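>>> Please work out how this folds:
(one chain, ligands or ions: 3)
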Amino acid sequence: MKVSVSKQGSSAVAGDLVAVVATRDEVKALAQGRSRRRRGVLTELDDALDGQLEENFRRENFQGKLFEVSVLPVFDERPFHTVLAIGWETKKSEAEYDRLNRLRKLGAMLCRHGRRLRAGRVVLNGATLSLDREGMAALQEGFILAGYRFDRYKSKRKSDEGAEADPELAIAVPGRFSEDAVAVTAALCAGTALARDLVNTPPRDCTPTHLMQTCRDLARTLGLKAEVYDRTRLKSMGANALLAVAQGSDEPPYLIKLTYRPKVRPKRVISIVGKGITFDSGGLSIKPGASMETMKYDMAGAAAVIGAMQAIGTLRPNVEVRAYIPTTENMISGSATRPGDVVTAMNGKTIEILNTDAEGRLILADALCLAERDRCDVIIDLATLTGAVVVALGPAWAGLFTEHEKLAQGILSAAERSGERFWRLPLAPEYRDLIKSSIADLKNTGGRWAGAITAALFLKEFVAETPWAHLDIAGPSFAESEDHHLKKGGVGFGVRTLVRYILDQ
Ligand code: BES
Ligand code: MN
Ligand code: ZN
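Ligands and ions are numbered 1, 2, ... in the order given. Purely as a prediction, here's the structure:
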């Protein structure tokens, strides 16, 4: 899915499909012939088509309501075979999130209709959209992310049939747009697509070894450093919490560390940590069948971190970025961890494992310890950690936990530009006692209430002093239905927020 930007008017850019946006007022003015004097995008196009556009609007009763669609096939000799008009709305004051998401949706529609109308190249006349840098990025994101497909497990693939070829988008805008900005957004989307692929891949294929291999491949192609701690090394490091989760699985667990180092002295060192449970059966505290159906996505945090590293390795900012990915399955067998077992994590704290289904916090505990031991300026972890955060915030919003004001604002700002929703939740000291164990330092469950908070409080025990944020992405990482730029399945949630946050440094 390619996107390019051109300074020339859309009539000078060749394409099969010419797309314009039209507001109600513009449509009205066109119908009344009033705007003939004030020449705009619509009138010019209508003139070029000898009035067919206006006639088609009238026939279809197209009013220019937001996202209303009008299609005009063009049969005479022209450099395009279709004109697509999309209803539009401009608002004086609105949240930045809403403005950008409208553009993201527009981009997604251009992709969908471009495919449907068999356009190899879609030319959008963007003159009336008054696109700034962020707006352009949102439009581009919508187009590219809507074009994402995961059909490698289908016996017949749409992409093979060529029935729905991938269109290219050319955005014609007055003024200058840097090609750089377009390349940055393309890298963000490619990282998101990689994360989606990893989440969508079935758990028999997307194993801890597969994640490790993916990281090694990235390291080789992008010049990152990959270090892999296997079972033996994890044992000697004392990463017993991770090992306790892995102990019921036949797949070998890993703690993967990927490092991107800029050529010059980095401004900051940022560590990102992603939960990589490639399948969560719950272990002996087994999940009911229905809850297990989608538990291949319990590695969405790891996927986001890997997708982000691909983008970072491509964009090469002046920041050192380290990714830590603890990865294992959470399975049952004769050797699985029992509820009631006690293990000692890497920082020496003892944990009573009362519920083997609260495994995410266990593998993250050791990964956070390692990230902090390596010393850095900021640690951000991403995890599909609790069902409780989904109960609290639903499928669209992620929970954000941090005691660092600046870090919170930095993440929220990057998220707003990325169209990703985060709501800040408290690391409530009132609930710290809920994770006290009677025989060990901590227990891994906090009881019925405030499950997302007690999970976050548990993680906090493994970060001593580094500014740290925890993102519980259990809700928005996996989409149950298609929603413009989001496809069913893996969302790649967090990649764009993470990378934008890092690029902001
Ligand atoms: N991976 C799950 C959390 C989850 C649930 C993610 C639903 C996405 C959708 C996590 O490992 C888990 O099982 N958490 C338990 C914790 C409980 C046992 C304290 C939960 O949320 O029920
Ligand atoms: Mn679990
Ligand atoms: Zn889990």
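>>> Excluding chain neighbours, what is closest to whatever residue of the stretch 401-505 of the chain ends up closest to ligand 1?
Closest to ligand 1 within the stretch 401-505 of the chain is residue 474: 3.7 Å, counting by CB to the nearest ligand atom. No exception for glycine: its C-beta is placed from N, CA and C like everyone else's. Nearest residue to residue 474, sequence neighbours excluded (CB to CB, 6 or more residues apart in numbering): residue 384, at 4.2 Å.
>>> Do I have it right that the one you found meets residue 477?
Yes. Residue 384 lies in contact with residue 477 (CB atoms under 8 Å); the separation is 5.5 Å.
>>> shared neighbours, these two?
Here residue 384 and residue 477 have 297, 300-301 as joint contacts, going by CB atoms under 8 Å, 6 or more residues apart in numbering.
>>> Residue 384 and residue 477: who's more crowded?
residue 384 (32 against 29; other CB atoms under 10 Å).
>>> show me what contacts the more buried one?
275, 277, 297-301, 360, 472-474, 477.
>>> any idea how far the closest residue to ligand 1 within the stretch 351-500 of the chain is from residue 158?
Of all residues in the stretch 351-500 of the chain, residue 387 sits closest to ligand 1, at 3.3 Å by CB to the nearest ligand atom. Here residue 387 is placed at a distance of 34 Å from residue 158 (CB to CB, to the nearest Å).
>>> Equivalent analysis for residue 98, please.
32 Å.
>>> So those two - more neighbours on which side?
More crowded of residue 98 and residue 158, by other CB under 10 Å: residue 158, with 13 against 10.
>>> ok, now how distant is that one from residue 214?
Residue 158 is 25 Å from residue 214, by CB to CB.
>>> Near residue 422, how many other residues are there?
24.
>>> quick one: contacts for residue 427?
401-403, 453, 456-457, 460.
>>> Would you mind writing the PyMOL command to select the buried ones in these?
With 16 or more other CB atoms under 10 Å as the criterion, this PyMOL line picks the buried residues out of these:
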select buried, resi 401+402+453+456+457+460
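>>> among the helices and strands of the chain, which has the poorest mean pLDDT?
Scoring the helices and strands of the chain by mean pLDDT, DSSP states H and E places helix 158-161 at the bottom, with a mean of 66.
>>> Just checking, which helix or strand succeeds that helix along the chain?
strand 168-172 (DSSP states H and E).
>>> Most neighbours among the contacts of residue 384, which one?
That'd be residue 299 among those, by other CB under 10 Å, with 36 neighbours.
>>> partner residues bridging the residue nearest to that residue when sequence neighbours are not counted?
Take residue 299 and drop its neighbours on the chain: the residue closest to it by CB to CB, 6+ apart is residue 276, 4.5 Å away. Residue 276 has these beta-bridge partners by DSSP bridges: residue 327.
>>> So residue 276 sits against residue 301, correct?
Yes. The criterion here is CB under 8 Å, and residue 276 meets it with residue 301 at 7.0 Å.
>>> Give me the buried stretch members for stretch 461-470, please.
For stretch 461-470, by 16+ other CB under 10 Å, it's 461-463, 466-470.
>>> what about that stretch, distance to the chain center?
Offset of stretch 461-470 from its chain centre (CA atoms, centre = their mean, to the nearest Å): 23 Å.
>>> looking only at pLDDT, what's the mean for it?
The pLDDT scores in stretch 461-470 average 98.
>>> Give me the distance between the two termini of that stretch.
Distance between the two ends of stretch 461-470: 12 Å, counting by CA to CA, to the nearest Å.
>>> Use 21 as the first number from now on
Noted, 21 is the first residue going forward, which turns the last one into stretch 481-490.
>>> All set, thanks.
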